[in-house]
Structures are given as structure tokens and as C-alpha cells.
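Colleague: Build the 3D model from these lines:
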Amino acid sequence: MDSPFRRISRLLFALLAYRPPRTEVPPQGAFLAGVTVVNPGLDRRTDQTLVVSGDRITSLSAGPAAPDPPDAGRYRGAYVLPGLIEKHIHFPPPERELAHLLLLAHGVTSARGAGDADGTTWPARRRIRAGRIPGPRLFVCGPVLDGEPPYLPTSWIIRDAAEAEAAVNVVADLGADFIKVHHKLSAEALAGIRAAAERRGLRVAGHIPMAVRFEDARLWDVQHLDGLVPYAHSAEAIRAAHCAWRCLNPDRVDAYVRTSAEQGLVHTPTLASFQAFARLAAPAPALTAAAQWLPRYYRDVVWSLDGALRMFAPFVQEPSEALWQEVEQAQMVVARLHRAGVRLHLGTDAPGSPTWCRAPACTKNCGCSWAPASARRRPGRRGRARLALRWACPAWAPSPRARQLTCWCSPRTRRATWARWEACAR
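Modeller: Numbers count the residues shown, from 1 in each chain. Model prediction:
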């Protein structure tokens with residue numbers, strides 16, 4: 001007799017044994033015909049056909065390709081150029097995946113993290129590399145190395161050369177692309193970090209320690225124009241630093257630029273953060289439209305001058321007009337560095353300051369003649385290629401990974417293009 005128990009057992013067995021039909025996933029790729037391929041700072045080629053299979057560029061040729069797919073002309077007349085590179089960003093741990101998507105949405109296909117606060121950098125990079133989550137290519141430094149007491153509570157405290165070597169070895173073994181240092185390091189600790197990083201083939205970037213002269217720090221990449229005015233470590237020092245920025249000593253600027261050029265230093269000025277502080281000090285500060293995508297935590301806590309953290313309140317006690325004078329001074333210094341042949345990296349310092357997803361370009365009156373080529377240099381180990389987008393130097397070519405942007409306006413003649421992308425391939 002066929003009991004209900006047997007019928008249920010047969011049904012459960014059938015369900016467990018059932019295998020749904022295999023669904024064929026269409027191959028990934030793109031076919032862009034009749035586009036203008038832009039090599040920033042090098043050349044541009046009209047009426048090109050670019051074919052991407054998977055994540056690789058398989059061909060780049062002039063004129064139409066045969067046979068053309070049905071949608072071959074979808075992007076005809078568009079411009080294709082390498083993706084942007086964000087050189088200074090702090091990923092918010094609770095919303096890291098959202099940050100990755102926002103970067104891609106704004107054309108950033110590679111990003112350099114400026115410090116890991118909670119250890120999430122390494123697994124995030126592994127998941128992106130494995131294709132498990134979308135995101136830009138990440139270059140990371142791990143935790144910031146600082147003295148005692150550290151500027152940031154999440155930094156690793158380094159007191160001497162022995163601790164410096166141990167810390168550098170740990171982050172190097174984890175896969176760091178560079179080492180970042182902060183203001184409270186002693187001269188001995190900084191020297192130990194530089195020596196250990198040299199042995200591991202890593203560069204040192206970050207802030208100029210208070211105990212070391214700018215001329216003696218010899219960092220590979222100096223961030224925020226550090227070392228030009230005294231470090232602001234207290235409310236009184238912050239007021240003095242504001243005054244120093246508005247009344248820059250011409251001789252000091254000359255020495256700063258000369259040292260940077262002679263030592264072959266790189267600078268990541270983060271001019272966008274200077275501008276953000278000036279906007280924040282306005283009577284009714286307003287965030288950028290793109291910043292509204294972030295959780296209210298940033299609007300109400302991180303960036304709020306009245307919130308619980310009050311992180312930026314000490315830095316914006318000056319009137320907004322005075323802070324805009326400092327912006328102009330910073331732009332002047334950046335222009336001087338550029339004319340002296342100093343390499344400049346472009347970064348926003350987001351979302352630590354309210355600059356999230358602003359186009360990484362200098363303002364019109366900066367005078368540094370910024371071109372997209374400036375955003376193509378690759379941060380990383382000493383022995384690696386210096387250009388960020390190796391497939392674009394000296395020209396686009398088959399086989400490299402397809403990290404590219406597609407837009408409908410010329411990126412040189414229309415600045416608004418940097419905020420509107422038709423497609424972004426990472």
C-alpha cells in the first residue's frame with residue numbers, strides 16, 4: 001500500500017536528485033566600432049574598432065571589422081579612454097562595497113587606499129581580484145605607521161628601527177603596495193621604516209613627521225603639501241597653520257619646490273580637500289550631489305561641525321573667505337611644483353573630507369595645466385612599471401586588461417564629460 005509517508009519520501013528524493021538544466025552564460029566582452037580612442041597626453045585615433053573578450057582587449061584596428069556584430073554601431077562617435085586613478089582615498093569600512101561602486105560609477109577604475117582602519121582592505125582586494133564583487137583595482141598600504149601618541153587610533157605605533165622593520169615586514173608579507181607614515185614618528189623610526197621598505201622593494205608615502213625637516217624626510221610621495229607649514233597638532237597650532245598658509249614665505253616656497261625637484265619627490269596635494277574645508281566653513285555648507293549617495297552617517301556625523309565626532313570643526317574655525325585664500329595659495333604651490341617638473345598625483349582624500357566623487361581635476365585658476373595623463377601613473381613597488389595603465393603606453397594594444405571609459409563628448413574640450421560616463425569597464 002502506497003502510504004502518504006512513502007509518497008512524501010519519493011517526492012523529497014526526487015527534489016534532492018533534481019538538477020536544473022545548465023544555463024549558458026553569454027561570453028563577456030564588448031565590440032566598439034567607429035570610436036575615437038584617446039591616449040591621454042599622447043595621441044587620439046579616430047574611427048577605431050576596439051574588441052574586448054572577457055577582460056582582455058583582443059584587437060584594436062582602424063576602420064570597420066568584419067564581420068560586425070548586430071550592435072557594432074552602438075557606440076559609434078563615442079570616445080574611449082583609460083580609466084581614472086584615485087591616488088588618495090579612505091575606504092569607509094561599513095560601506096566599502098558601496099564606495100567601490102561609486103568609484104566605478106564616476107570613472108575611477110584604480111584607487112590607492114591611504115590607510116586601513118580595520119583590516120578589511122586585504123579581503124576586499126582579494127574579492128575584487130577574484131571577480132566576486134565589482135570594484136576598482138586597489139593599491140593598498142595597510143595600517144598607517146605613526147609614533148606615540150598616534151594621530152589616528154587605528155595606526156600602528158613605531159618607536160624605533162626594530163619595530164619599524166617588524167611592521168614593514170608584516171604589511172609587506174600581507175601584500176602592501178607601499179608604506180604610509182604619519183606625523184608623530186621620530187627621526188629614528190622614520191629612518192628605520194625607509195630602510196626596511198627599501199629592502200622589501202616598497203616606497204614610503206604620507207606625512208612629514210614633526211621631528212624631521214622636510215628636506216631630510218625623503219618620502220617618495222608627500223601628501224597634502226605636508227612640510228610646507230608647521231604641523232597643526234593643537235587648536236593654537238591650527239590657527240598658526242592657517243595664518244602660515246595665507247602668508248606663505250616666498251623663500252620657504254622656493255626651498256620646498258627646489259627640494260622636491262632635486263630629490264625627485266612626488267606630491268599628492270589633494271586640492272579637493274582644501275576646497276572642501278572652505279565650503280564646509282560657509283554659513284550654509286552644501287554637499288555635492290554625488291555625496292548624497294553616501295549614508296547619512298557622513299552628513300550627520302563625520303562631516304558635521306556639530307556632530308559627535310567634530311572631526312573637522314577645529315580646521316574650519318576661520319571664515320570661509322580666509323580658507324579660500326589658503327586654497328589659492330595651495331594652487332599656487334601646486335603650479336610651482338608642476339613648472340619645476342615635479343610629478344603630481346591626483347587624489348581627493350574622500351570620504352574623510354566632504355569631497356566624495358568630485359572630478360579629479362584642478363580648478364581653472366590653478367595654472368598647473370593638468371591633463372588626464374597625470375592620472376595614469378601607477379602607485380606601487382619600485383620595480384614595477386610607473387605608468388598606471390600599461391596597455392595605454394605608448395598606445396592601446398591587444399591582450400592587456402580592459403579598464404576603460406566611454407563617453408559621448410571629447411574629454412579635453414568638455415570638463416563636464418568627467419562627471420558623465422556612458423560605460424565603465426574595469
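
Colleague: can you list the domains in the protein?
Modeller: Domain ranges of the chain: 29-82+393-425, 84-140+220-388, per automatic domain parsing.

Colleague: What are the buried residues along the lengthiest helix in the chain?
Modeller: Determined from DSSP state H, the single longest helix within the chain is helix 320-339. Neighbour counts over helix 320-339 (16 or more other CB atoms under 10 Å) mark 323-327, 329-338 as buried. Glycine gets a C-beta too; all of them are placed from N, C-alpha and C.

Colleague: Only C-alpha atoms, please: export it in CSV.
Modeller: Provided in CSV are the C-alpha atoms of helix 320-339 (Å, rounded to 0.1, in the frame of the first residue of the first chain):
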residue,chain,number,x,y,z
SER,A,320,35.2,80.7,4.6
GLU,A,321,36.8,83.7,2.7
ALA,A,322,40.1,83.1,4.6
LEU,A,323,40.1,79.4,3.8
TRP,A,324,39.6,80.2,0.1
GLN,A,325,42.7,82.4,0.3
GLU,A,326,44.5,79.2,1.5
VAL,A,327,43.1,77.3,-1.5
GLU,A,328,44.6,79.9,-3.8
GLN,A,329,47.9,79.6,-2.0
ALA,A,330,47.9,75.8,-2.3
GLN,A,331,47.0,76.1,-6.0
MET,A,332,50.0,78.5,-6.4
VAL,A,333,52.3,76.0,-4.8
VAL,A,334,51.0,73.1,-7.0
ALA,A,335,51.5,75.3,-10.1
ARG,A,336,55.1,76.0,-9.0
LEU,A,337,55.7,72.3,-8.4
HIS,A,338,54.3,71.5,-11.8
ARG,A,339,56.5,74.1,-13.6
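
Colleague: which strands and helices sit next to that helix?
Modeller: In terms of contacts (3 or more CB pairs under 8 Å, 6 or more residues apart in numbering; DSSP states H and E), helix 320-339 is packed against helix 235-246, helix 250-262, helix 271-280, strand 343-344.

Colleague: Neighbouring strands of the helix or strand just after the second one in the sheet, and parallel or not?
Modeller: Spelled out, it's helix 250-262. Scanning forward in sequence from helix 250-262 by DSSP states H and E, the next helix or strand is strand 266-268. Using DSSP bridges, the strands paired with strand 266-268 are strand 221-223 (parallel), strand 343-344 (parallel).

Colleague: Using a markdown table, lay out the ones you listed together with distance to Arg125 and mean pLDDT.
Modeller: Listed next are the strands paired with strand 266-268 as a markdown table, based on distance: least, CB to CB, whole Å; pLDDT from 0 to 100:
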| stretch | distance to Arg125 | mean pLDDT |
| --- | --- | --- |
| strand 221-223 | 20 | 96 |
| strand 343-344 | 25 | 94 |
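
Colleague: Would you tell me which one of the ones you listed is buried the most?
Modeller: Stretch with highest mean neighbour count among the strands paired with strand 266-268: strand 221-223 (a mean of 24; mean count of other CB atoms under 10 Å).

Colleague: Contacts for that one next, please.
Modeller: Residues from elsewhere that reach strand 221-223 (CB atoms under 8 Å, 6 or more residues apart in numbering): 88, 114, 178, 203-208, 214, 260, 265-268, 270, 345, 347, 379.

Colleague: what residue ranges in the stretch 1-150 of the chain are flagged as low confidence?
Modeller: Applying pLDDT under 70 to the stretch 1-150 of the chain picks out residues 1-2, 5-6, 9-27, 65-72, 93-94.

Colleague: Strands of that one, start to end?
Modeller: Per DSSP state E, counting those that start in this stretch, the stretch 1-150 of the chain carries strands over the ranges 29-39, 43-53, 56-62, 79-82, 84-89, 108-113, 137-139, 145-146.

Colleague: who wins for proximity to Arg126 among these?
Modeller: Nearest to Arg126 among the strands of the stretch 1-150 of the chain is strand 137-139 (9.8 Å), distances taken as CB to CB.

Colleague: Neighbouring strands - and their directions - for that closest one?
Modeller: Assessed with DSSP bridges, strand 137-139 is paired to strand 108-113 (parallel).

Colleague: May I have the strand it pairs with exported as CSV, CA atoms only?
Modeller: The C-alpha trace of strand 108-113 is given here as CSV (Å, rounded to 0.1, in the frame of the first residue of the first chain):
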residue,chain,number,x,y,z
VAL,A,108,37.7,55.5,-11.4
THR,A,109,39.0,52.1,-12.3
SER,A,110,42.0,52.1,-10.0
ALA,A,111,42.4,53.5,-6.5
ARG,A,112,45.1,53.9,-3.9
GLY,A,113,43.9,53.4,-0.3
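
Colleague: quick one, that strand and strand 84-89 angle?
Modeller: 20 degrees (axes from the mean of the first three to the mean of the last three CA atoms, to 10 degrees).

Colleague: quick one on the thing from earlier: output the strands of the stretch 1-150 of the chain as CSV; include the columns distance to Ala255 and mean neighbour count.
Modeller: Converted to CSV, the strands of the stretch 1-150 of the chain look like this (distance: least, CB to CB, whole Å; neighbours: other CB atoms under 10 Å):
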stretch, distance to Ala255, mean neighbour count
strand 29-39, 36, 20
strand 43-53, 38, 17
strand 56-62, 46, 15
strand 79-82, 36, 25
strand 84-89, 24, 27
strand 108-113, 28, 24
strand 137-139, 31, 20
strand 145-146, 26, 28
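
Colleague: so can I have a markdown table of these showing distance to Ala172?
Modeller: As requested, the strands of the stretch 1-150 of the chain are exported to a markdown table (distance: least, CB to CB, whole Å):
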| stretch | distance to Ala172 |
| --- | --- |
| strand 29-39 | 33 |
| strand 43-53 | 34 |
| strand 56-62 | 30 |
| strand 79-82 | 28 |
| strand 84-89 | 21 |
| strand 108-113 | 16 |
| strand 137-139 | 14 |
| strand 145-146 | 12 |
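
Colleague: In space, what's closest to Leu50 - neighbours in sequence excluded?
Modeller: Distances taken as CB to CB, 6 or more residues apart in numbering place Leu32 nearest to Leu50, at 4.5 Å, with adjacent residues excluded.

Colleague: mind listing what the one you found touches?
Modeller: Contacts of Leu32 by CB under 8 Å, 6+ apart are Gln48, Thr49, Leu50, Val51, Val52, Arg74, Tyr75, Ala78, Val80, Thr406.
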